[in-house]
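Enquirer: what follows is a predicted structure for the sequence shown.
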Amino acid sequence: MRAITAIIEDTKEMRQLLAGLRNGAYPYQVSGLSGADKAAYIAALFNKTLPRPLLLLTLGNRRAQDLALDLEVFVDNGRVCLFPDVEVLPHEEVAAPLEIMVSRLEVLEGLARGERLLVVAPIDALMRALPPVEAFRERFLTIEAGARSDLEELLAALIDLGYERVSMVEGPGQFARRGGILDIYPPTRTEPVRCEFFGDEILSLRAFDPVTQRSMAGLEEVQVGPAREFTAGTAEQIGDEILAIAAGQADRIAALKGEKAAQELLERVRGHVEKLREGVKFYGKDQYLPHFYPKLATLLDYLPEGLLVIDEPERIREHLQVWERELGEQIASLLEKGAVLPSYNANFVSPDELAQRAKAHPQVAFTTLPRKTKGGAITVQTRAPGAFHGKMKYLLREVEKWRAQNYRVVFVMPTADRAKKLAQSLTSEGLPVAYNPLIGQLSPGVAVSTRALLSCGFELPSLKLVVLTEEEMFGRRRKAVRTRTQHQVEDGAKRVRLTHYADLQRGDYVVHVNHGIGRYLGMETLEIGGVHKDYLVVQYAGEDKLYVPVDQVDLLQKYIGADDKPPRLYKLGSSEWARVKKRVKESVQELAKDLLELYAAREAIEGHAFAPDTPWQEEFEAAFMYEETPDQVRAVEEVKRDMESPRPMDRLLCGDVGYGKTEVAIRAAFKAVMDGKQVAVLVPTTILAQQHERTFKERFEGYPIRIETLSRFESRAEQREISKGLADGTVDIVIGTHRLLSSDIVFKSLGLMIIDEEQRFGVVQKEKLKAMRKNIDVLTLTATPIPRTLHMSLVGVRDMSIIETPPEGRYPIRTYVVEYNDEIIREAILRELDRGGQVYFVYNQIRGIDKMKSHLLELVPHARIVTAHGQMDERHLEQVMLDFLAGEYDILLCTTIIETGMDIGNVNTLIVCDADRMGLAQMYQLRGRVGRSNRVAYAYFTYRGDKILTEDAEKRLQAIREFTELGSGFKLAMRDLEIRGAGNILGSEQHGFIASVGFELYCRLLEESVKQLKGEVVQELPQPVMDLNVDAYVPDEYVDDSRQKVEIYKKVIAVKDLAGVDALAREVADRFGPIPEPVENLLQAARLKILARDVGITSLTREKDSVLLKFVPGLVLPWDLMTFLARKYRGRLLFQKGRIPQLRVNAREQSDPALLGLLSDVLSDLNAAWEQASGQ
């Protein structure tokens, strides 16, 4: 919104401020501004102080985040960057959240390179020391296309810069080498880079998509910066210095705490020094930063010429006094325990030192109220525009007044669509409003609407300018957050993630369709008869091994059972597997038959066909305060289509916690009420009923729709009143537990039933619901994800909508996996309570829960703690939960009963004890209980320090530490959860059948049964059998990762046409480099298979000096065709007629590639001639 800053830049106050800065009258004070108007003034100041960077200091990460968002609206000449506080102390062996590290590196890199940045930082971020600017600036690599570079040296340099070597690059700070291909993901780039080498020459540089692994645009040059702030290499001399300090500290600890504590300190430091000397990355390394540099820097040193702007300096001063005292106490405590060395103190900057360094910078202080100052001062007159609460009549009247006074009026909406609709709506009411996406200039007396994410509106009377947001117009605050821009896919299509969570790893259980369950031992390349081929090796009961050729990889699937129990291995050659498979198939056919009959019965019933959307519906949907995800839009369309059909709807809506299922249900409910029908929302618990009531009432505010809640918490008189309203039609929407299914509840005209988490209801309730489903529309919501394979198997027998896309701009949940430590727990709780929030503390042992409560009260004596677990009386438990929801307690100390169905926006810290005992799915579900509001949430998964973790527990904890969508932990947890989801849909009786054959095979059998019963069995052309004795495989030298090899083989098998083979060849060359002969042969063999299939060839077999091609029995080959081919290939071809026609190709003295080329030419000509003959 350049026009607004241009108006501010041209004011007397701005000229006065700039003159004061030039004359050294600082700190210069600007008072009177408090909201988005403050951001507008700071942006104008930034524009007027070209070309210098600007650092804006705030109190707290949240305030910095909010101001950065507002500044992005106004800054168009430069970049707004956030420099957040790390939130992890240097000695803590915990990974700082990736998005925080990336944001900080972006700032340091940009400033080190001299970019023009407006940096917003909470004051705490400046109190941590940084590596010196010169040392940081030296640690950049420039990679240029066409230049020469030693690949081995480059790999060593990347490790030195803190990058992690992986087999496939998926996240920032990683690199992977495959032959002459080097992939690097610099944290400050939105997409990774692929470097292709030939010897030591860089042939090309390309950006690539980390999801599909496919190359995108070409690049001329790439700057690769450090992957971490502190990336000092090996430390031989420094190691000795650290050990000497540790020895002195150990002597003091021994005198205070005893020899054992001293030994623990020495052992820990020795371990760290060893890793430092070897250049090994480890958490807690930052505590040794002061040993690597004689003088450390602060962020101020990275912008020597920059302007310093301080937001509310008095508050910051007060905060720093508390910060300094608390830090001093904390360091003293850590030193006493032997947790850190005396040099640890140098990791922090004192407030006095910071103030001294700040004197070198011109300073501007923004304060709400005027204060005494040594420098110059101006006061800006500003007013809040007032609130209209959606009452358009009052809004129109006020805007007309402003326009009459020659005001410029700007309406700011969070989406372009909403801004356009508002302009149209106001114009139709007689107020001319134009939609303008950029607003280059503003004329007096004119009103415009635009798209921007602004926290609040403001009025500047002296400038005759007013800005209105949804906050003032409708009472809705912005709930977006800054997210890192990811690269866009050009066609807008969904990218298919390359690695699947069913990736095979050594030791995994697998299911062979014909031989049953075995254990995967890996891939082996065998040479048989002079020909190399890859095989997947599977061990069965006893010492039996099965070598599965890679061209049969689709017969093998990873075993995924219905629980964590390892399956029993089958014996090769026994008939037991065939019997088990037969039994499962019979059960699946019965299930498919039941589902189809139910579907057919519903198709025959005439229900209520709802009318198309009304104008009110459009207005109601436009008032949604978030941008809908594509999945949400699709789900709404599917639900409405069902509702407008005369067939009763029975749709299942699946979506993760917080993905927007409730909004889809709310829109369906509104549509039903608009058509004169009532809506019942059925939930499993009273707490969920209360939560839904709050959500529905907020969304329906301002509409003449009566919403009531019916549960045991309403008095009898209230229940009678609601019951009467349902019977006479005065209650439009009722939300309730199974009380809604009671015989005394009668609806006047029930049109839609919304069921939340149906699987949590009992058998009796489910039977009642089954009866109700016959003639009313039913929408069922579930947060348990449904596997795509199951979804595909049930197409045509169960209507399902799936929301897989998370909403834009959600705050990530900071996840920490730490050894249980009272100090960390206390800090986590206090931080949450200090910001007025609440805490879930999960302790999954009922027997010791009271003891844990006493312990917590010792740690945080003023906290209000309540316990909750499954053995409590149901009414008492519900009351406890409702009291916690109402904010009467600070900490809910509970078992895993909060795993599902709790949605409390004020709870944003989760602490889990003994997390190593939990499954990934359970940890994932628990973590989903926080982060439901516009605050940063924290999740601490703790384990006992004195306990030796099993390998599986360590893997689970590591997975949750890396719980991003990139991490395997996410994928494993999703698979775990999907199995639960499958059980919910199919019924618990199918649980055992899934366990006996594995989930993938179960889904395949189900899909076959459904198609068979629907008469949809498609006769596909048989795949030709090929035995050509050529080297067609993927050598280890080309792809050394067995999982990526399996993936290539799967893709080769999956290609359906020649264009698919060509696309795969391009992908393989792009990702792994020039294609070697054995892989070229593999792709050529895939082409042959397709060509052979298309002309009816069933087999291609090499026999000494020839290849025999057999056609399908009964095929008649035209004489002209045979004559044409025989003439073209001059004696190389010999046709043989008969019931099974044959073609013999002379292959004497042909190399593998030449043979495959010859066969490809013959089959291509055969195809072309066949098509020509068919066309005539």
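Expert: Perfect, I can see it now.

Enquirer: where exactly do the helices run in the stretch 201-350 of the chain?
Expert: 236-257, 259-278, 289-292, 313-337 (DSSP state H, counting those that start in this stretch).

Enquirer: now the second one: mean pLDDT?
Expert: Read it as helix 259-278. For helix 259-278, mean pLDDT rounds to 88.

Enquirer: rewinding a little: pick the most buried one from the helices of the stretch 201-350 of the chain.
Expert: Burial of these is given as mean neighbour count (mean count of other C-beta atoms under 10 Å); helix 289-292 ranks first at a mean of 19. Placement of C-beta: from N, CA and C, glycine included.

Enquirer: show me what that one is packed against.
Expert: helix 236-257 (3 or more C-beta pairs under 8 Å, 6 or more residues apart in numbering; DSSP states H and E).

Enquirer: then the helix it packs on to CSV, C-alphas only?
Expert: Only the C-alpha atoms of helix 236-257 are listed here, as CSV (Å, rounded to 0.1, in the frame of the first residue of the first chain):
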residue,chain,number,x,y,z
GLU,A,236,42.2,-29.3,18.4
GLN,A,237,43.7,-26.5,20.5
ILE,A,238,40.3,-25.1,21.6
GLY,A,239,39.5,-28.6,22.9
ASP,A,240,42.4,-28.6,25.3
GLU,A,241,41.3,-25.2,26.5
ILE,A,242,37.8,-26.4,27.2
LEU,A,243,39.1,-29.5,29.0
ALA,A,244,41.3,-27.4,31.2
ILE,A,245,38.4,-25.2,32.2
ALA,A,246,36.3,-28.3,32.8
ALA,A,247,39.0,-29.8,35.1
GLY,A,248,39.0,-26.6,37.3
GLN,A,249,35.2,-26.6,37.4
ALA,A,250,35.1,-30.3,38.3
ASP,A,251,37.4,-29.6,41.3
ARG,A,252,34.9,-27.0,42.6
ILE,A,253,31.9,-29.3,41.9
ALA,A,254,33.6,-32.2,43.8
ALA,A,255,34.0,-30.0,46.8
LEU,A,256,30.3,-28.9,46.6
LYS,A,257,28.5,-31.9,45.3
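
Enquirer: looking at the helices of the stretch 201-350 of the chain, which is closest to residue 305?
Expert: Among the helices of the stretch 201-350 of the chain, the nearest to residue 305 by C-beta to C-beta is helix 313-337 (21.5 Å).

Enquirer: show me the contact partners of stretch 1114-1124.
Expert: Stretch 1114-1124 is contacted by residues 1096, 1111, 1135, 1137, 1139, 1141, 1166, 1169-1170, 1173 when judged by C-beta atoms under 8 Å, 6 or more residues apart in numbering.

Enquirer: check stretch 686-706 too.
Expert: With C-beta under 8 Å, 6+ apart as the criterion, stretch 686-706 contacts 390, 616, 620, 662-663, 666, 669-670, 673, 681, 683, 707, 709-713, 725, 730-733, 735-737, 756-757, 878, 881-882, 885, 901-904.

Enquirer: export the helices of the stretch 201-350 of the chain to TSV and tack on distance to residue 355?
Expert: Converted to TSV, these look like this (distance: least, C-beta to C-beta, whole Å):
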stretch	distance to residue 355
helix 236-257	29
helix 259-278	33
helix 289-292	21
helix 313-337	9
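
Enquirer: so for residue 860, which of those helices sits nearest?
Expert: Counting by C-beta to C-beta, residue 860 lies closest to helix 313-337 out of the helices of the stretch 201-350 of the chain; the figure is 14.9 Å.

Enquirer: what is that closest one packed up against?
Expert: Using 3+ C-beta pairs under 8 Å, 6+ apart: helix 313-337 touches helix 123-126, helix 236-257, helix 351-358, strand 363-367.
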